[in-house]
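[1] Using only what follows, build the 3D model:
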Amino acid sequence: MDTRHYFLELLDKYVEGTLLPEEEREFALMLQNRSYHEWLSVEILDKLEMDPVGLKKIPEERTAEILSAILKSEPTTGLLPLTADTESAVNHRSPFPLRSTWLRYAAMILLLAGAATVLYLRHQPPKKEMALAPSKVQPDILPGGNKATLTLSDGSTIVLDSAANGSLASQGGLKIIKRDAGMLAYEGRNTGGEQLYNKVSTPKGGQYQLILPDGTKVWLNAASSVRFPTAFTGHRTIEISGESYLEVAPDHNRPFFVKTRGTTIQVLGTSFNVNAYADEVADKISLLEGSVKIGSTVLKPGQAYRSGKVMAADLEQDLAWKNGVFNFDNKPFEEAMRQLARWYDIQVVYERPVREIQFGGTFKRNLPLSEVLHFLEGVGLRYRLEANNRLVILNN
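    The predicted structure is shown next:
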């Protein structure tokens, strides 16, 4: 069920008085989130205009006056039950008696959302144009998924998310196989000859997994890539941009090297994460198992390396993306926003220089953007979501 449909279902249950306690708590949280207010306003307006007995007896020009009277009332906070008392209170404040069905929705404007929820109704054109309001609701932005492009040695490309499962191409005697659940694998034996290179790239809002010809497993985060030979001879060397998690196939006779924008990592059989996004301050290598060597520095499991320094790794946070979650505990504000921008394919801009906000919490990456922003509002995030997936940060 999509988020808007679920929100409106809870709205109807609230009006009918049939919300379960858990649903009531969830609905109250939603109503604190400004991103739901336009849906609420549009739905209430629809209910008011559809009433066959009450509203239709009132001239069009009077409808705006009724809404205006409600808007001028003092807003309340909290999730209050719609009782006869609350209805009579709204009736008393409005210059017209309101019928029960749409009175309850009108009361909701006053009691739940507050006057700010529907301020835009004061300046809307007459009824004909107001009926177009639902088309102006900003559609929710969905999370990323298994999306990637394979670039072959001759420069031709295959869009993996739309390609059928099975054999996609051959490179140097190897078959390239697309498996289920966003997985690419190289199978067979290389016949030698010219060294061929392939590249797998994810866009913003994409992720993918692949098994390299030597059996090494690679997970790619959004806006990332890995370039590798279709046959490893001697040293095994790959190039990475963005963020990747690797489980390197052990082979002591053929050392494994990972090159990023500014770091070369020498690897034995090991599992580690590489964050090498160009818009981050510096590459970060976090070691889960085995050992890696950066220059003369050797990391042990549970350690991380960044800007020439070794530190204790927060593996739960560093590997959160691979495990399908965001972990923003003590995460710098702008770094958290960059993560959201990559995964939801949005542009984040700042209305003014941003102050640091203390973040906390873990969120699933399969949530629509509105739900993640709703959680972040609880720690002080103020924002405006504009057309073309542009998220404007209003803090400060």
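
[2] The closest residue to K322 other than its chain neighbours: which element?
    When the adjacent residues along the chain are set aside, K322 lies closest to Y245, with 4.8 Å between them (Cβ to Cβ, 6 or more residues apart in numbering). To be clear about C-beta, it is placed using only N, CA and C from the backbone, and glycine gets the same treatment. Assigned by DSSP states H and E, Y245 belongs to strand 236-247.

[3] chain center to the helix or strand just after that strand: distance?
    Beyond strand 236-247 in the direction of the C-terminus, DSSP H and E gives the next helix or strand as strand 256-259. The gap between where strand 256-259 is centred and where its chain is centred comes out at 30 Å by Cα atoms, centre = their mean, to the nearest Å.

[4] Just the buried residues of strand 256-259, please?
    Of the residues in strand 256-259, those with enough neighbours to count as buried (16 or more other Cβ atoms under 10 Å) are F256, V258.

[5] Can you give the strand pairings for the strand holding Y245, parallel or anti for each?
    Strand pairing for strand 236-247, using DSSP bridges, gives strand 217-220 (antiparallel), strand 225-229 (antiparallel), strand 256-259 (parallel), strand 271-276 (antiparallel).

[6] Hmm, the residue nearest to K322 is touching N275, no?
    No: with contact defined as Cβ atoms under 8 Å, Y245 and N275 do not form a contacting pair (9.8 Å).

[7] Pull the residues that contact stretch 342-361.
    Surrounding stretch 342-361, the residues in contact under the criterion Cβ atoms under 8 Å, 6 or more residues apart in numbering are 141-144, 203-205, 221-223, 277, 326, 328-334, 336-338, 340-341, 365, 369, 375-376, 379-381, 388-396.

[8] now with 7 Å?
    Defining contact as Cβ atoms under 7 Å, 6 or more residues apart in numbering, one finds that stretch 342-361 is touched by 141, 143-144, 204-205, 222-223, 328-334, 336-337, 340-341, 365, 369, 375, 379-381, 389-396.

[9] List only buried entries from those residues.
    Burial by neighbour count, judged by 16+ other Cβ under 10 Å, picks out 141, 143-144, 204-205, 222-223, 328, 331, 333, 336-337, 340-341, 365, 369, 375, 381, 389, 391, 393, 395 from the contacts of stretch 342-361.

[10] Can you flag which of the residues you listed belong to strands?
    Applying DSSP state E to these, the entries found in strands are L391, I393.

[11] and stretch 372-392, what's its mean pLDDT?
    Averaging pLDDT along stretch 372-392 yields 87.

[12] rewinding a little: could the strands paired with strand 236-247 go into JSON lines alongside mean pLDDT and distance to G360?
    Putting these into JSON lines (pLDDT from 0 to 100; distance: least, Cβ to Cβ, whole Å) gives the following:
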{"stretch": "strand 217-220", "mean pLDDT": "98", "distance to G360": "26"}
{"stretch": "strand 225-229", "mean pLDDT": "97", "distance to G360": "32"}
{"stretch": "strand 256-259", "mean pLDDT": "97", "distance to G360": "32"}
{"stretch": "strand 271-276", "mean pLDDT": "98", "distance to G360": "20"}
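
[13] Tabulate those strands (JSON lines), appending distance to D283.
    Rendered in JSON lines, the data for those read as follows (distance: least, Cβ to Cβ, whole Å):
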{"stretch": "strand 217-220", "distance to D283": "16"}
{"stretch": "strand 225-229", "distance to D283": "15"}
{"stretch": "strand 256-259", "distance to D283": "10"}
{"stretch": "strand 271-276", "distance to D283": "5"}
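
[14] taking those strands together, which one is wrapped up most tightly?
    strand 271-276 (a mean of 23; mean count of other Cβ atoms under 10 Å).

[15] The residue nearest to K322 and D329, how far apart?
    Counting by Cβ to Cβ, to the nearest Å, the gap between Y245 and D329 amounts to 19 Å.

[16] can you check K259 too?
    Computed with Cβ to Cβ, the distance linking K259 and D329 is 31 Å.

[17] Over to F375?
    As it turns out, when the distance is counted by Cβ to Cβ, F375 lies 13 Å from D329.

[18] swap in I158?
    When distances are taken as Cβ to Cβ, I158 and D329 turn out to be 38 Å apart.

[19] For the residue lying closest to P255 once chain neighbours are set aside, give me its contacts.
    For P255, the nearest residue in space outside its immediate sequence neighbours is H235; the separation is 5.5 Å by Cβ to Cβ, 6+ apart. By Cβ under 7 Å, 6+ apart, the contact set of H235 is R254, P255, F257.

[20] would you put the C-alpha positions of the strand holding Y245 in CSV?
    Extracted C-alpha coordinates of strand 236-247, given in CSV (Å, rounded to 0.1, in the frame of the first residue of the first chain):
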residue,chain,number,x,y,z
ARG,A,236,44.5,-8.8,-9.3
THR,A,237,43.7,-5.1,-9.6
ILE,A,238,40.4,-3.4,-9.8
GLU,A,239,39.3,0.3,-9.7
ILE,A,240,36.5,1.6,-7.6
SER,A,241,34.6,4.8,-7.3
GLY,A,242,31.8,5.6,-4.9
GLU,A,243,31.2,3.0,-2.2
SER,A,244,31.7,-0.8,-2.3
TYR,A,245,31.8,-3.7,0.1
LEU,A,246,34.1,-6.6,-1.0
GLU,A,247,34.6,-10.2,0.1
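
[21] quick one: buried residues of that strand?
    Judged by neighbour count using 16+ other Cβ under 10 Å, the buried positions of strand 236-247 are R236, I238, E239, I240, S241, G242, E243, S244, Y245, L246, E247.

[22] Report the beta-bridge partners for the closest residue to R236 other than its chain neighbours.
    Counting by Cβ to Cβ, 6+ apart, F256 is the residue found nearest to R236 once chain neighbours are left out, at 4.6 Å. The residues paired with F256 through beta bridges, assigned by DSSP bridges, are R236, V267.
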